[in-house]
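# coords below, sequence missing:
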């Protein structure tokens, strides 16, 4: 599995041995992980992510956003762009565009509404989300 361990280690100017000591991993195990010959254990992935201040998705090469906050912000912006680009968009369509679950879309839509974005929903078959036009005074 391709991961970003090598890139992050070099950014910090660390040798493989220094990083292995810091993460409390065997030097050869870390070398195998860095070369993609072995996967992270859950605990070693967590320690590496904490040390480098990156999300697991970034470390594993699944996302180009380094932090979960960056992923969240990026997803919220994608949702807003989609809502303003079309008269109506479904949760499934948003989930596909944002590469998240529909459950995550529902949470983010709720968050947008709580923060003043006039997001509304058409329920049922053919339903979806839309931004309510505000009357101009």
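Perfect, I can see it now. What you see is a predicted model; the values in this text were computed from it and never measured. Numbering: from 1, shown residues only.

# Break the chain into its domains for me.
5-59, 68-131 (automatic domain parsing).

# Make a markdown table out of those domains and add mean pLDDT and mean neighbour count.
C-betas here are computed from N, CA, C, even on glycine. A markdown table is the format used below for these (pLDDT from 0 to 100; neighbours: other Cβ atoms under 10 Å):
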| stretch | mean pLDDT | mean neighbour count |
| --- | --- | --- |
| domain 5-59 | 93 | 16 |
| domain 68-131 | 89 | 15 |
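
# how would you label the closest residue to residue 57 other than its chain neighbours: helix, strand or coil?
The shortest distance from residue 57 to any non-neighbouring residue, by Cβ to Cβ, 6 or more residues apart in numbering, is to residue 63 (3.9 Å). Under the three-state scheme (DSSP: H, G, I helix; E, B strand; the rest coil), residue 63 adopts coil.

# how deep is residue 63 tucked in, by neighbour count?
18 (other Cβ atoms under 10 Å).

# Contacts made by the single longest helix found in the chain with the rest, please.
For the chain, the helix with the greatest residue count under DSSP state H is helix 68-85. Helix 68-85 has contacts (Cβ atoms under 8 Å, 6 or more residues apart in numbering) with 55, 57, 63, 65, 89, 93-94, 97-98, 100, 104-105, 108-109, 111-112, 117, 119, 129-131.

# Tell me the pLDDT of residue 1.
We have a pLDDT of 51 for residue 1.

# What ranges does this protein have for its strands?
119-122, 128-131 (DSSP state E).
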